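>>> here is the input, now give the coordinates:
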Amino acid sequence: MGIGRSYGNLMGNAIRAGFLYFVAVFGIGFVLGTIRVLVLIPRLGELVSTFIELPIILGAAWIVCGLLVARLHVLPQWQVRLTMGGIAFGLLMVAELALLSGCLAVRSRNTLQATCPYPRL
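Below you'll find the predicted structure:
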């Protein structure tokens, strides 16, 4: 009973951390994306604006991940960390697709095309 309970607690922390990681990174990405679209793209163009935003969101995701791992005591076992990252990634993909198909009225078959403004890259 003690082993199962501790494993469940480990996975519970990983699931909680994955959800919070998704919320934080999606929120940061939403703010940065808004700034990119409204401020940077009109001045610098889409490609340069994306190159400016990319290291910022990657750095923010790295910092948020480290803070959550330390704060929620997510152990360094690969299964636990993979659960955390997988949950965050899965929720992020679902949220992005929902945002594209719902708010932007993009059909699901055109969603991938709508996310890439540079089809020749």
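>>> how about the strands in the protein?
Applying DSSP state E to the chain gives no strands.
>>> so which helix or strand of it has the lowest pLDDT on average?
One helix or strand of the chain scores below all others by mean pLDDT, DSSP states H and E: helix 111-115, with a mean of 57.
>>> which residues touch residue 59?
Listed by C-beta atoms under 8 Å, 6 or more residues apart in numbering, the contact set of residue 59 is empty. Just so you know, the C-beta spots here come from the backbone N, C-alpha and C atoms, and that holds for glycine as well.
>>> ok, the closest residue in space to residue 44 that isn't next to it in sequence to residue 24 distance?
Distances taken as C-beta to C-beta, 6 or more residues apart in numbering place residue 52 nearest to residue 44, at 7.4 Å, with adjacent residues excluded. Distance of residue 52 to residue 24, computed by C-beta to C-beta, to the nearest Å: 21 Å.
>>> of those two, which one has the most company?
A direct count of neighbours by other C-beta atoms under 10 Å for residue 52 and residue 24 places residue 24 higher, at 18 against 14.
>>> which ones are touching that one?
Applying C-beta under 8 Å, 6+ apart, we find residue 24 in contact with 64, 68.
>>> read off the pLDDT value for it.
Listed pLDDT for residue 24 reads 97.
>>> again with residue 88
On the pLDDT scale, residue 88 is placed at 96.
>>> just give me the neighbour total for it.
Neighbours of residue 88 (other C-beta under 10 Å): 24.
>>> on that earlier part again, hmm, residue 40 and the residue nearest to residue 44 touching each other?
Yes - taking C-beta atoms under 8 Å as the definition, residue 52 is a contact partner of residue 40 at 6.3 Å.
>>> show me the shaky parts of this protein.
Within the chain, the segments meeting pLDDT under 70 span 1-8, 10, 103-121.
>>> where do the helices sit along this structure?
For the chain, the helices defined by DSSP state H cover 2-35, 41-44, 46-71, 78-98, 111-115.
>>> good, wrapping up.
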